[in-house]
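> heads up, no residue letters with this:
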């Protein structure tokens, strides 16, 4: 079964870019959220195998959304998407349960490598 | 059947189950042990462990017995003692079902029983008795 | 999860908690309303409960839970009724007994009778306690307490520091295979990556591979925001390197993964009963890691210097390497140190119980008990220390007084002193006693100095022959105390005067695994004497030695010192001294003597090998050292060599 992914980012551009990467890899993008609040609701509804989560978003930050998701599902597989220079936010995220992080701008190979490792997906 | 090391003390044939033997060593350098008396003839450096070498024929009262240049190192369960014997013969399968009680007048020889082997009597060494004797000798020394 | 791997840790920690419980209850008895003490007691019981429940030791957990509830009740009321102290202590003893059972691998003893008997008075519904399940939070608390500790196992037989095995928390359930390779991994991180987060991810991943022995930086360092561009991890794992490399490379920010083989293929031994544990500060382990890293660099430098025949560089690097080894040695020894508190913690309870029994009012003062002593020494010191404290309460103090246990460093030694302010010992009475029980003739007794007379209480004959009375009772079991201290390479000194109390001073080496020795030769044999036993080495013109046979003396300052030939004491053929007589100045039974040897060979550090049967039975030998060429050199302890020897009648 294809890996089911949820992409969380306030920028449509980023969402589409990630979506394309995942679709090319044969994954199924089951949900897209543009802020943290939306992310939790969609997570509960779709239960994806993987979440990519932007850190800085309106309404609720990516880290708060991550914490919500982790509280909901301690086994959740969440990868943070950060920009350069957000070291302390990334650390917060990792300490809160994020499985890894992707730094923008990212390379397709690297993203898939990370996803494969943390989901155990071939 | 049990694999048994056959060795001699003076003219007597002894057996020791191979499970009690850690190694047979040849001509180890023997080091001086202060205040050691009697049958404690020295110590050896056995892979970094300091082990006591015991003159077994002398301990069991065989006067004037010769010594093989090979010594028997017992396993740690048998306190890693190093035993000097008169001769190391061979290792054979010994049928212990024919174990007979210790004959009379052999109390001094530390025998657990005797087994017939090709018309030869093999004395099975009683290691506990060996330890007891050593304890009696050395625990008393002040 | 297989909990058996935590048993040792559970036992040692719980014993510590029990120790604290005992101490706190005794404190509480003195100040029944002390809120802090009650709180502390509650926490101790709570910790034991959680750990025991996690381990699945139901009765231990049940009893601890009962004590916790009881204490919680007192917390609410803010004080503990005097009547409760005794049964708290009984309950603590029962806990201790349960641990004995667990340690001996027996089923836990029954606790219900105790719970029933003691709940009635306090109107605590036992049934409720017994049935109430432990909450997940309890268990989490307990796991939290158990897991973050780095633990080093030392094999108790060999005191070897090289045999150190490190065990740590393995999060996965998968069993570690019998033989797995240990190696070091170096993970380089990219310049621009959030290094700390990345480091944490790397360590999390590494932990999944198998057993993470140590890492630099470790999680704590990372969270402390240690700057890092490289993670070093020491790992034991069955997985192949390719897999490890691939996995680690996929983590964000990882740019390179390298392996350095650990040459030792370690056996992953089964834990047997004889393995003991020591807890080591992570900081200390970090220092090990640093030092090891530096040694590896130095090895490389040595290789380079050798292949390029750069002798000057070689000499320099050898010098640095030997300093590093000294440093490593120092740290390894430190890892073995445990605070005296570990055994002194039992004393308040002991003093309380004896003073109760003997109807005395005794205050115990502890000072300097945070001093570190080698684990092996501490274990052997427990009985002598307890014995001296018992004696002090039993015989030193008359009705009311203070017993002080103190410890301090004296150069390379630790001084542990047990002092009482009782009425002291009377040398005159002791002399009389010695004559009465035929240990000495009256002229011998008169010749002894007061100092020597006090040491008479350590003579076996002196102690057992007497009923316990004010003065003579001091000797009960003192011979055992003295020989235990001797075995550790220590000395016992007694200072006492009528109406001035008594002080028992034990001087102990800090460490016994590696000691400094003086090498001497006697009749062609090499012998070693611990340097702690040697006051000085002297070369005296033979003409200045007076007397002959066993009555030889030489002048040292203001003092006439008796001279004995070590060669003769050992029953070796005497070699006549030349113009110079070589003498080792030492102290035996509280007096200074000279031991004549044929030659001094030198002094060095030696790793002490313990002696196997029947070498361990020989008096006067405290171990052996192995020389560079494999020669075995026995370590002779003059003190025990001369034990039970009467100087005046038996000459050498």
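All right, it came through fine. Bear in mind the structure is a predicted one, so any value in this text is a computation, not a measurement.
> so how far is stretch C:552-562 from its chain's centroid?
In terms of Cα atoms, centre = their mean, to the nearest Å, the centre of stretch C:552-562 is found 38 Å from the chain centre.
> now chain A against chain B: closest residue?
residue A:117 (45.3 Å; Cβ to the nearest Cβ). Every residue, glycine included, has its C-beta placed from N, CA and C.
> so how far is residue C:248 from that residue?
9 Å (Cβ to Cβ, to the nearest Å).
> cool, and residue C:14?
Distance of residue C:14 to residue C:248, computed by Cβ to Cβ: 38 Å.
> now whatever helix or strand residue C:12 lives in: mean pLDDT?
Element membership for residue C:12 (DSSP states H and E) is helix C:7-30. On average, the pLDDT along helix C:7-30 is 86.
> next, residue B:119: phi, psi?
Main-chain torsions, residue B:119, degrees, to the nearest 10: phi 60, psi 20.
> how many neighbours does it have?
A count of neighbours around residue B:119, defined by other Cβ atoms under 10 Å in any protein chain shown, yields 5.
> hmm, back to that, which SSE is the residue of chain A closest to chain B in?
Using DSSP H and E, residue A:117 falls within helix A:108-119.
> I'd say residue A:52 and residue A:102 touch.
Yes: Residue A:52 is in contact with residue A:102 according to Cβ atoms under 8 Å; the separation is 7.1 Å.
> backbone dihedrals for residue C:208, please?
Torsion angles at residue C:208 (phi, psi; degrees, to the nearest 10) stand at phi -70, psi -20.
> what of the one 5 residues further on?
Its backbone dihedrals place residue C:213 at phi -80, psi -50, with angles given as degrees, to the nearest 10.
> can you tell me the SS state at the nearest residue to it once chain neighbours are set aside?
Spatial nearest neighbour of residue C:213, chain neighbours left out: residue C:234 (4.1 Å); criterion: Cβ to Cβ, 6 or more residues apart in numbering or on different chains. Here residue C:234 is strand, with the state taken from DSSP: H, G, I helix; E, B strand; the rest coil.
> okay, now the nearest residue to residue B:74 once chain neighbours are set aside: neighbour count?
For residue B:74, ignoring the flanking residues on the chain, the nearest one in space by Cβ to Cβ, 6+ apart is residue B:81 at 4.8 Å. A count of neighbours around residue B:81, defined by other Cβ under 10 Å, yields 24.
> what about the residue sitting nearest the centre point of chain A, distance to residue A:39?
Residue closest to the average C-alpha location in chain A (Cα atoms, centre = their mean): residue A:52, at 1.0 Å. Separation of residue A:52 from residue A:39 (Cβ to Cβ): 10 Å.
> shared neighbours, the two?
Residues within reach of residue A:52 and of residue A:39 at once, by Cβ atoms under 8 Å, 6 or more residues apart in numbering or on different chains, are A:6, A:8.
> any idea how many residues pack against residue 4?
No chain specified, so I'll use chain A. Neighbours of residue A:4 (other Cβ under 10 Å): 17.
> if you could check chain C rather than the one you did, that'd help
10.
> distance check, it against chain B.
24 Å (Cβ to the nearest Cβ, to the nearest Å).
> is that residue in a helix, a strand, or coil?
Three-state assignment for residue C:4 (three-state DSSP): helix.
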